[in-house]
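Chemist: Next comes the sequence, and after it the predicted model I'd like to discuss.
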Amino acid sequence: MDAQKYLNEIKGRFPGTADAAPERIKDGVPALLCPAPFLFEIVKYLKAEGFNYLMDLCATDYRDSLEVIYHFCALETNVKLTVKVRLDREKPELASITPLYPGADWQEREAFDLLGINFPGHPDLKNLLLPCGWEGHPLRKDYSRKPDQYD
Amino acid sequence: MGILLDEAPYILENFPGGGIVITSADWFINWSRANSLWPLTFGLACCAFEMISANMSKYDLDRFGVFPRPTPRQADLIFVAGTLTKKMAPRLKKLYDQMGEPKYVISMGSCSNTGGPFYDSYAVVKGVDKVIPVDVYVAGCPPRPENLIEGIKKLQEKIKKDTIKNNGRAKIFK
Amino acid sequence: MNAYILKILRGFWSLLVGMKVTLKYFFKKPVTVQYPYEKREIAPVWRGILNQLCDAKGVELCDGCQICGRICPVQCISMEVYKDPADNKRKTSSYIVDFGRCMFCGLCVEACPKKCLVHTTDYVLVSYERAGMVLGKDKLVKR
Amino acid sequence: MTENTLKDKDGFETMYLNMGPQHPSTHGVLRLGLVLDGEVIIKAEPDIGYLHRGMEKLAESRTYQANIAMSDRFDYVTSMNNNFVTALAVEKLLGVEIPKRAQYLRILMAELNRVVNHILFFGFFAMDLGATTALIFGFREREEALELFESVCGARLTYNYFRVGGVSRDLPAGFIEKAGNFVKMMRSRLKDYDDLVTGNVIFQDRSVGIGRISKEDVLAYSLSGPVMRASGIKYDIRKDDTYSVYREFDFEVPVRENGDCFDRYMMRMLELREALKIIEQVLIKLEPGEILAKVPKIIKPPAGEAYVRTESPKGELALYLVSDGTANPYRLHLRAPSFINLQILQKILTGVKVADVIAILGSIDITLGEVDR
Amino acid sequence: MNISYGLENIWTWLITLIDRLFCRAGLPYIFAYTLEKIIFGVALLVFISISVLFLIWLERKVSAHMQSRLGPMHVGGWHGWAQTIADMVKLLFKEDIIPAKADKWVHRIAPIVVFVPSLMAFLVIPFEKNLIGQDLNAGILLIFAFSSLAVLAIIMGGWASNNKYTLLGGIRSAAQMVSYEIPLVLSVLSVIMLVGSLKLNDIVEAQQGWHWFAFTQPLAFMLYIIAATAEVNRTPFDLPEAESEIVSGYNTEYSGLKYGFFMLSEFTNMLIVALVAATVFMGGWQGPKWLPLPGIIWLLLKTYLIVFVLMWFRWTFPRLRVDRLMDFGWKVLIPLAFVNIFLTGLFMVVFK
């Protein structure tokens, strides 16, 4: 597995990074758990190493913390890599990677909208899918909805 | 030309024989309205494709004089075809308000009838009748175009019972 | 100059080729099926309105196990079950399907252990009000 | 952005045009905020979410099988492909082996759906440029394909055909001939399409050189599918990151260089022909056999997560699925190709004319159900 | 041309009758003249309304059959013949909306203004030799003068509605009409050069036998058809009401009967350009000698042939973009028209 090489490289360079529970990951793509402050640097490094395609960016609420998952792919070599970041649930903040991958723009806005993760550095961070003035973040597990005039 | 229908029936009623005139005028006007339903080209989600299919070669709603118009001003009918979300609901209301009387609404598919597969979603309006009055409900997910044609026939029946004294407003507001 | 004229001529030719296609279909028979007068053949597996089957004597097969109601992703099947003292079997006193909400996915039919819940090829269901799409036992049970 | 705050190059006031959510050719309920200088666009701002139904949240309260039924409504033009990716993801978590015949049937349906999607693309794109007849021709052929789907799974649009571990029904009698006839008919109709639209000088005038997307932009904006390949990147998940049994089939991955509207259109037309080729091969290779693997009645995959990518007609359709061991998924995230492809609009709409907005939007081929989910 | 042609004879007979009656009664000729013109005008209006209603139905049928559909089928029985009547009656009794911020008077007047020029143009069309409103010396000029007025109404409607789509439609229409007037007139100019008269009857008679200008002036004929398509805003030049781009263009905010007027005027315009094409390029009311049908039948046959071609265009082609439209008008049509005029002039000098 080629991606493992990059993983080890990153683990050497950035302290605090670790493999992310490989037994959980069923699709066989190596995953990296990295601390939030290093994310931007790690992504920058990955981009320089040829991971030129951001397949997906999404976030999950794990009740105790939020997790942002980045799926990268190097199109030429077809090597895939997953980067995960655990965030504090109360004040989730993570550097935006939109300056590196403009394709992350709406996906970060979606995460902001639906899970309430703040991405400092994003050019235009505002709600995307929900109407203006929506309260709460629906994809969080503890989200409860107040009935409105349409229910 | 709305003026013609605002006052005329009430004046006519007081004349001898006016009732017959109104009845025959009713018949003629309702016939024209029922046979010239111009829907708004307005699709929301999955059902929109069945709505478009119904307009296309195989089913051809044009046979009944259903002739899609892109602007609400010229439309008599909205097919609410698909899921109505809370973000879209004010827009739909606005579109409905922009249409001239008489106007009709066909709610097509489970989503617009009651919320359907998204009945427990946070972002979906549970039935389009929460926003605008609906004349005919067509069930299905999505309904077959045949079913939609049945809906239109049902609406035509409803229109034919109308009278000009209501000025085309014989709608049941719930 | 030559190229200019050639371009115009080529353009006109392509337009003529397009016009040939529409003219061809102008003289072909339309494919329209005039619905209320002619009907399209519906596939026998069409997932239409649900029906409950009965046995040869006209007794309902359904024993009110509630599996269909539980598996339904949109919770559109509701029923009331009682125990018949005559033969000590579970039976349904009411069986209501809200077709205004049904997503016609067919999971209830697949789950039915008695195989008594079936889709029909009947697809017409229109009504003037919401309640018209809620069908009870009188419409659903096929004797 | 407030109205009239942007000035054009001569310092005159600009016009803010609100295109959508109800507009004949925004393909649903997309809203585009356009700042216009005459007919030229200075700034474009897509606004989505008018069809946001919260499907990712709903998935967490539905069983896995119900989620396949729900996935029909993600991108309602390519329901089979959505079924495919959902089923694949669940199977990856479960780790089941799929019977051969089921695999073939899945590919058959997915490719048929690809044909349907591309026919619709053809129709809507031509319609956006003003050729109404093409749309109606497209829908006419689509009806034939829908008849095939209907005979297999009993629905015209929301198929719910795939099951975890296989497919729900076997082919009805006579399907193979019917599908073969469909392929033949499609081939002859494609010639009409070319005559009517592809070769048309006005059509080419409207699409060649319009809305160029460079290779770099494709990578930066993570575009996928035909939009990516039209810009010269030969990458098809079916070939390069293969799934199911696609490697048994012989097909080309067409690629074009310019990345304009015409190339994106041509990509779909070429892919349509490749999809027909795959359908023919499947019809030959089909052998009798099981169509459903042994899976428990209530599916409870072990805790874990998987990211499964497939090549849908619109691009990379992937599913990120997290299971916590219960009967419902813990998190289901759809990587919707339309959603990600649509982002490029902000960049390429600047400086084009109002008429081109429609052409470019049409050439990207979006379905709002998938964009907003 | 002394072959007995039905309608014309009846008309001459009627005129003579009225003249004589008025003469007996000792009234001045001007009264008889006025009455005749009024009768003619009413007959013309009836003809126009019936043919426009028919044209709308025809358009829907033709488009449907080109798309493997059937079109209107059930309204009124046989092939939905009553479809447009139902549409018009419905529009008549539909609520008429004037947008709150619209310029109310201009908004109201525009649908009426759109009708006037297209109706005026009918005055000088010779349906048969003597069946003509007024055989003006400058007949063809009058038609073009009036048809260029139609754009006024479109701009009025587009501007007064106070909607951005209508405004765009109005602007597009102005640009388009102005550019396509020129090739339209230039294409007919070569015919006028050959005939040496602006009178439509002279042009018709110059085509006696099968010497149609469509054959002797094929380039002019083609240019005319193209420019006329643009003139009446039909695909591929239907930019002012481009449905997929600017919703419904200049008539986006019009509802009820006012929209009906716009719709009718579109078809009236189409009828008039087809009539002019039939008159100027296809021998007008003249038919082959061996088939003595009334001239009006021949004229209508030719007209509907042109109308069919226009419909055929509409349901085949995509729409041009606005700047390419200008390019095409100024860089292709106008040069070609000038080339045609030059060649015609050269031909006239050499062979005369």
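Modeler: Sure, I can see it. For clarity, every value in this text was computed on a predicted model and none was experimentally measured.
Chemist: Where does the prediction get shaky in the stretch 251-373 of chain D?
Modeler: Residues of the stretch 251-373 of chain D meeting the criterion pLDDT under 70: none.
Chemist: in it, what residue is nearest chain C?
Modeler: Across the stretch 251-373 of chain D, the shortest distance to chain C (CB to the nearest CB) belongs to D:Lys297, at 8.4 Å. The C-beta positions use only the backbone N, C-alpha and C, and glycine is treated the same way.
Chemist: any idea which element that residue lies in?
Modeler: Assessed by DSSP states H and E, D:Lys297 sits outside every helix and strand.
Chemist: Next, count neighbours for it.
Modeler: Applying other CB atoms under 10 Å in any protein chain shown, we find 7 other residues in the vicinity of D:Lys297.
Chemist: Could you do the one 5 residues further on as well?
Modeler: A count of nearby residues for D:Pro302, using other CB under 10 Å, gives 13.
Chemist: Phi, psi for it please.
Modeler: phi -60, psi 160 (degrees, to the nearest 10).
Chemist: That one and D:Val90 touch, don't they?
Modeler: No. Counting by CB atoms under 8 Å, D:Pro302 stays clear of D:Val90, with 11.7 Å between them.
Chemist: phi, psi of the residue of the stretch 251-373 of chain D closest to chain C?
Modeler: With angles defined as degrees, to the nearest 10, D:Lys297 sits at phi -70, psi -40.
Chemist: How about the one 3 residues further on?
Modeler: Backbone torsions for D:Lys300, taken as degrees, to the nearest 10, come to phi -130, psi 90.
Chemist: ditto for B:Glu150
Modeler: Per-residue torsions, B:Glu150: phi -60, psi -40 (degrees, to the nearest 10).
Chemist: Same check on A:His71?
Modeler: Note on A:His71: backbone dihedrals following degrees, to the nearest 10 are phi -110, psi 120.
Chemist: Check A:Tyr101 too.
Modeler: Dihedral angles (degrees, to the nearest 10) for A:Tyr101: phi -120, psi 100.
Chemist: Against A:Glu93, how distant is it?
Modeler: Distance of A:Tyr101 to A:Glu93, computed by CB to CB, to the nearest Å: 19 Å.
Chemist: Compare these two (neighbour count), which wins?
Modeler: Set side by side, A:Tyr101 and A:Glu93 show more neighbours around A:Tyr101, with 24 against 12, by other CB under 10 Å.
Chemist: Can you name the residues that contact that one?
Modeler: Neighbouring residues of A:Tyr101 by CB atoms under 8 Å, 6 or more residues apart in numbering or on different chains: A:43, A:47, A:54, D:220, D:222.
Chemist: for chain B, which spans come out with low pLDDT?
Modeler: For chain B, residues meeting the criterion pLDDT under 70 lie at B:1-10, B:165-174.
Chemist: Write out the residues of it neighbouring chain A.
Modeler: Within chain B, the residues that sit near chain A (CB under 8 Å from any CB of the partner chain) are B:86-87, B:89, B:122-123, B:125-126, B:130-131.
Chemist: Take those residues and write them to CSV, including secondary structure and neighbour count.
Modeler: Below are the residues of chain B next to chain A laid out as CSV (DSSP: H, G, I helix; E, B strand; the rest coil; neighbours: other CB atoms under 10 Å in any protein chain shown):
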residue, secondary structure, neighbour count
B:Lys86, coil, 23
B:Lys87, coil, 25
B:Ala89, helix, 20
B:Tyr122, coil, 23
B:Ala123, coil, 27
B:Val125, coil, 26
B:Lys126, coil, 20
B:Lys130, helix, 16
B:Val131, coil, 22
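Chemist: closest point of the stretch 201-350 of chain E to chain A, which residue?
Modeler: Here the residue of the stretch 201-350 of chain E nearest chain A is E:Val247; by CB to the nearest CB that distance is 23.9 Å.
Chemist: That residue and E:Tyr165 touch, don't they?
Modeler: Yes. Proximity of E:Val247 to E:Tyr165 meets the contact threshold set by CB under 8 Å, at 4.8 Å.
Chemist: which residues does the residue in the stretch 1-150 of chain D positioned nearest to chain E contact?
Modeler: Nearest to chain E, among the residues of the stretch 1-150 of chain D, is D:Gly130, at 2.8 Å (CB to the nearest CB). Residues in contact with D:Gly130 (CB under 8 Å, 6+ apart) are E:235-236, E:238, E:242-244, E:317-319.
Chemist: got these as a markdown table, with secondary structure, pLDDT and distance to D:Gly49 columns?
Modeler: As requested, those are arranged in a markdown table below (DSSP: H, G, I helix; E, B strand; the rest coil; pLDDT from 0 to 100; distance: CB to CB, whole Å):
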| residue | secondary structure | pLDDT | distance to D:Gly49 |
| --- | --- | --- | --- |
| E:Thr235 | coil | 78 | 34 |
| E:Pro236 | coil | 83 | 36 |
| E:Asp238 | coil | 81 | 33 |
| E:Ala242 | coil | 73 | 27 |
| E:Glu243 | helix | 72 | 26 |
| E:Ser244 | helix | 72 | 23 |
| E:Phe317 | coil | 86 | 36 |
| E:Pro318 | coil | 86 | 31 |
| E:Arg319 | coil | 85 | 30 |
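Chemist: check those residues against chain B, which are close?
Modeler: Of the residues in those, proximity to chain B by CB under 8 Å from any CB holds for E:Glu243.
Chemist: how about the strands of the stretch 201-350 of chain D, start to end?
Modeler: Counting by DSSP state E, counting those that start in this stretch, the stretch 201-350 of chain D has strands at residues D:304-312, D:315-323, D:329-335.
Chemist: Is the first one in proximity to chain A?
Modeler: Yes. Judged by CB under 8 Å from any CB, strand D:304-312 comes into contact with chain A through D:304-309.
Chemist: Specify which member of those is nearest to E:Leu299.
Modeler: D:Arg309 (66.3 Å; CB to CB).
Chemist: Can you tell me the closest non-neighbouring residue to residue 117?
Modeler: If you meant another chain, say so; for now it's chain A. What sits nearest to A:Ile117 in space, not counting adjacent residues and going by CB to CB, 6 or more residues apart in numbering or on different chains, is A:Pro92, at 4.4 Å.
Chemist: looking at chain D here, not the other one
Modeler: Distances taken as CB to CB, 6+ apart place D:Pro313 nearest to D:Asn117, at 3.8 Å, with adjacent residues excluded.
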